[in-house]
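# Here is my input, please return the structure:
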Amino acid sequence: MRDYLRKETVLPVLLALVGLGALMSLNGFGDDSVAGRARFDAIGDSITWGVPIAFGIDSQGVVRASGHVHQGWPELLATLLPAKDGVNAPITNLGISGAVVRKVAATHPRRYLSYFSEPPDALLLIGTNDSNSIVETPSGLGCSGTACDGTYKATLNWLIDNLMSNGREKVFIGLVPPTWGNNSKEIFADPLGANATRNALIQEYNRVIVEDIAEKPGVVLGPDLFSCFLTPTANRFSLFEDVLHPNTLGQVYMAALWREALAREHAQPPTDHCTSPIYILESLDSYRHGQKQNLLAVGDPYYTDEEFTLVDIPAELVDGLWIMQPNANRDNQDDEYLEFDAGPSPVTVYIAFDASGSPPVSRTHAFVPTRLSSQLKVSDSSVERLDVVMAENIVGVMTIGGNKSARTPGQQQGYLVVVVP
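Just a heads-up that it's a prediction; the model follows:
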């Protein structure tokens, strides 16, 4: 257990989701700073709805795999909030895939209010689709009067006024996260560079939120989801499934950031530094070789570019954070193919590799064979299981070579890395 994560705050529902264990303990969950607020409506687009995450939380609070139910940070956040009489605070997920601010404004102000005598507070996150060049809502930054008509600023103001006039005491609004490209096939070479015009517009939206919207009575500035994913010195693209949507670990990260914002409950301006409230790998460069970090369970694909799935996971790896890579890189022989910062507290790192060959070479650490409680089985009929080597008490930066950096014949498929705090 890392010294800055508290065991008493481990979350049972998230444990059921991905075996999070030590990965997902957050400070302060025992307080009752938000316990008095019984309900929330989460309002937004597909990032709120949960695309492309496919899971559902059943009536017993257990997460079940689902091929059609999309749930995201709102459902995860509900498990993080202090329970009242043993029941988690319900959060209604009102995310609409593809929504822009004007669609949300037209759809949501009175939705569900008839079901409650006291309307829930709102958690609002909207703007990603507005930045798309096909629709591109102007920010309205610095505008006044009729010059604001049709802008993000004017429509968001109108939406919040309607939410308030229909009985909501507070609206918590998150800053819009970055995008990593204009579409799923075109990734920005520099997401903060001159060609990343979509992020430039999103940053204008966020200035509107901070400088104008957050000053409205009853509005509380939520998490800075832009700076927590992207700054001039930090790039967390490894937490995204594609150029728009966070992966499972990214959704857990967002839920934790929302939890911190609700506990804080006062405006906090954007910052160029965002300390992660959960354990993630820093300095994992998704741009160089396409690796991603994620939380995987049985049935999940383990490559970023193929559909082979995990069939059985040994108990020692259940609480792990998985580094996924494109299997197209299986012939890579680079001595420094993968690098990440494991952090200041000791972790165990496992490499799972095609048993017909040898594990990749690490110039920074010595790996030794290990026998786990069961085999790591996969759906790939050419492999069926992966052998495992391990290195213990790892802190700081680790470097691992490419799949064939050992220069030995045999293995046909790429390796996986699992980091267990």
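# Residue nearest the middle of the protein, spatially speaking?
The residue lying closest to the centre of the chain (CA atoms, centre = their mean) is Gly250, at 1.0 Å.
# and the longest helix seen in the chain, what's its mean pLDDT?
The helix spanning the most residues in the chain, taking DSSP state H as the definition, is helix 248-264. For helix 248-264, mean pLDDT is 91.
# for the protein, which strand is longest?
Ranked by residue count and defined by DSSP state E, the top strand of the chain is strand 385-394.
# I'd like to know which elements whichever helix or strand comes after that strand is packed against.
With elements assigned by DSSP states H and E, the helix or strand that comes after strand 385-394 is strand 397-400. Here strand 397-400 touches strand 338-341, going by 3 or more CB pairs under 8 Å, 6 or more residues apart in numbering; DSSP states H and E. The way it works is simple: take the backbone N, C-alpha and C, and place the C-beta from them, glycine included.
# what sits up against the strand it packs on?
Contacts to strand 338-341, defined as CB atoms under 8 Å, 6 or more residues apart in numbering, come from residues 281-285, 289, 291, 293, 323, 325, 396-401, 417, 419.
# do stretch 140-151 as well
Contacts to stretch 140-151, defined as CB under 8 Å, 6+ apart, come from residues 137-139, 152-154, 204, 207-208, 211.
# hmm, which two among the residues you listed are most spread apart?
Pairwise distances across the contacts of stretch 140-151 (CB to CB) peak at 17.2 Å, for the pair Thr137 and Glu211.
# Neighbour count: the two, which is higher?
A side-by-side neighbour count of Thr137 and Glu211, using other CB atoms under 10 Å, places Thr137 first with 22 against 13.
# The residue nearest to the centre of the chain and Val220: what is the separation?
Using CB to CB, to the nearest Å, Gly250 is found at 23 Å from Val220.
# Counting neighbours, what do you get for Thr304?
Residues near Thr304, counting by other CB under 10 Å, number 19.
# contacting residues around it?
Residues near Thr304 by CB under 8 Å, 6+ apart: 290-292, 324-326.
# before we move on, what about Glu307?
Glu307 makes contacts with Pro301, as judged by CB under 8 Å, 6+ apart.
# and it, what element?
Of the helices and strands defined by DSSP H and E, none includes Glu307.
# Can you give the domain ranges for this structure?
For the chain, the domain assignment from automatic domain parsing gives the residue ranges 7-264, 286-420.
# Would you map the helices across the stretch 251-400 of the chain?
For the stretch 251-400 of the chain, applying DSSP state H, counting those that start in this stretch gives helices covering 286-289.
# Narrow the contacts of stretch 140-151 to those that are buried.
Among the contacts of stretch 140-151, those buried by neighbour count (16 or more other CB atoms under 10 Å) are 137-139, 152-154, 204, 207-208.
# export these to JSON lines and tack on pLDDT, distance to Leu80 and secondary structure?
Below are the buried ones among the contacts of stretch 140-151 laid out as JSON lines (pLDDT from 0 to 100; distance: CB to CB, whole Å; DSSP: H, G, I helix; E, B strand; the rest coil):
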{"residue": "Thr137", "pLDDT": "97", "distance to Leu80": "31", "secondary structure": "coil"}
{"residue": "Pro138", "pLDDT": "98", "distance to Leu80": "36", "secondary structure": "coil"}
{"residue": "Ser139", "pLDDT": "98", "distance to Leu80": "32", "secondary structure": "coil"}
{"residue": "Tyr152", "pLDDT": "98", "distance to Leu80": "29", "secondary structure": "helix"}
{"residue": "Lys153", "pLDDT": "98", "distance to Leu80": "31", "secondary structure": "helix"}
{"residue": "Ala154", "pLDDT": "97", "distance to Leu80": "34", "secondary structure": "helix"}
{"residue": "Glu204", "pLDDT": "98", "distance to Leu80": "31", "secondary structure": "helix"}
{"residue": "Arg207", "pLDDT": "97", "distance to Leu80": "29", "secondary structure": "helix"}
{"residue": "Val208", "pLDDT": "98", "distance to Leu80": "28", "secondary structure": "helix"}
